[in-house]
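Participant: just need the structure, nothing else, for what follows:
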Amino acid sequence: MNENLKKPRIKRGWVSYEVIKVVKENPNVVHAYMVDHEDRNVPFDYKAGQYLTIKFDQFGPRPLVRSYTMSSSPQQQDSICLSVKRVEGGVVSTWFCDDLKEGMILKARGPIGKFCFDPSTDKDLFLIAAGSGVTPFVSMAREYANKLGSQGSPKKMHLLLGFQTPHDRVCGEDLDYLSDIHPNLKIHITYSRQEVDSFMHGRISKKMIDDIAKESFQNFTFMTCGPVPMMDMVVEHLKSKKVEEQHIKLESFV
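Facilitator: Presented below is the predicted three-dimensional model:
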């Protein structure tokens, strides 16, 4: 075995993470790049779609706890990235967008979650998200885009993503980059509050799902993340199309 190969670090409990870079995509979306404060040069162990639970002690007598999905991929071993969208009235998300600085230390537990591609049971992926719900799917697209069709990866991926306007996109540069990586990775974007050439218009709908899936509903494992009403609509529609329950996966950020 090559001694220069780094073994993934495995830790349990609350771990200190240092913020090494802060990128503001727009006034309401920030990307926080972090490394293990103690083992900076050791790759972080997680699966695409998993999240960290972070504890904040600075907002009151009791800690606030919030969970954020990695938008980075396990292939990006130099750091992890959390992409946080401002929530109206959200104390923590506002702090992330306005006050997060390089060098800060965050306490987090994880990785946590089963909202991941399972090569033993899942089919090709059809991923449906709105707003900040895009982050686990950016991680999955980054993880599998250059491995589609290989062992342990899906053969095809569709991402159906909804935003209010182009200025509200989350991980927009990632989406632009990923859309050109592989012909079997298709990214479909709709804007609900602005008509934009070459993009769909309106909220994610049953018709949009039908137009993309065509008659191939049984060929996909569907995963959806975002506002509860959207996810409820998606699940109801998939069940009407006779998609088996094991091929409908949900993740809520509320």
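Participant: helices of this protein, start to end?
Facilitator: 91-99, 135-144, 172-178, 206-213, 228-240 (DSSP state H).
Participant: any idea of the mean pLDDT in the fourth one?
Facilitator: Read it as helix 206-213. The average pLDDT for helix 206-213 rounds to 97.
Participant: buried residues in it?
Facilitator: For helix 206-213, a neighbour-count test (16 or more other Cβ atoms under 10 Å) marks 208-209, 212-213 as buried. All C-beta spots, glycine's among them, are computed from the backbone N, C-alpha and C.
Participant: quick one: the residue nearest to residue 91 when sequence neighbours are not counted from residue 89, how far?
Facilitator: Of all residues not flanking residue 91 in the chain, residue 59 sits nearest, at 5.7 Å (Cβ to Cβ, 6 or more residues apart in numbering). Distance, residue 59 to residue 89, by Cβ to Cβ, to the nearest Å: 13 Å.
Participant: compare these two (neighbour count), which wins?
Facilitator: Taking other Cβ atoms under 10 Å, residue 59 and residue 89 do not tie; residue 59 has more neighbours (11 against 7).
Participant: quick one: low-confidence ranges for the stretch 1-150 of the chain?
Facilitator: Scanning the stretch 1-150 of the chain with the threshold set as pLDDT under 70 gives 1-12, 42-43.
Participant: how about the strands in it?
Facilitator: For the stretch 1-150 of the chain, the strands defined by DSSP state E, counting those that start in this stretch occupy 15-26, 29-36, 51-56, 64-69, 80-85, 105-112, 124-130.
Participant: now, the most widely separated pair of the buried residues of helix 206-213?
Facilitator: Pairwise distances across the buried residues of helix 206-213 peak at 9.6 Å for 208 and 213 (criterion: Cβ to Cβ).
Participant: one step back: nearest to residue 73 among the helices of the chain would be which one?
Facilitator: helix 135-144 (3.5 Å).
Participant: now that closest one - C-alpha only, CSV.
Facilitator: The C-alpha trace of helix 135-144 is given here as CSV (Å, rounded to 0.1, in the frame of the first residue of the first chain):
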residue,chain,number,x,y,z
THR,A,135,-27.3,21.1,-2.0
PRO,A,136,-27.4,17.3,-1.5
PHE,A,137,-28.0,16.9,-5.3
VAL,A,138,-25.1,19.1,-6.2
SER,A,139,-23.0,16.8,-4.0
MET,A,140,-24.3,13.7,-5.7
ALA,A,141,-23.9,15.2,-9.2
ARG,A,142,-20.3,16.1,-8.3
GLU,A,143,-19.7,12.7,-7.0
TYR,A,144,-21.1,10.7,-9.9
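Participant: quick one: distance of that helix to the chain centre.
Facilitator: 6 Å (Cα atoms, centre = their mean, to the nearest Å).
Participant: ok, back up a step: can I get the buried residues of helix 206-213 in JSON lines with distance to residue 114?
Facilitator: Shown next, in JSON lines, are these (distance: Cβ to Cβ, whole Å):
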{"residue": "208", "distance to residue 114": "27"}
{"residue": "209", "distance to residue 114": "23"}
{"residue": "212", "distance to residue 114": "25"}
{"residue": "213", "distance to residue 114": "24"}
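Participant: out of the residues you listed, who's nearest residue 51?
Facilitator: Nearest to residue 51 among those is residue 209, at 25.2 Å by Cβ to Cβ.
Participant: how about the closest one: what's its closest non-neighbour residue?
Facilitator: Per Cβ to Cβ, 6+ apart, closest to residue 209 is residue 237, 6.2 Å.
Participant: could you measure that neighbour against residue 174, distance?
Facilitator: Taking Cβ to Cβ, one finds residue 237 at 27 Å from residue 174.
Participant: tell me which of the two has more neighbours.
Facilitator: Shown here are residue 237 and residue 174; by other Cβ under 10 Å, residue 174 has more neighbours (23 against 17).
Participant: contacting residues for the residue lying closest to the more buried one once chain neighbours are set aside?
Facilitator: Closest residue to residue 174 apart from its sequence neighbours, by Cβ to Cβ, 6+ apart: residue 138 at 5.0 Å. Each residue near residue 138 by Cβ atoms under 8 Å, 6 or more residues apart in numbering is listed here: 71, 83, 170-171, 174-175, 178.
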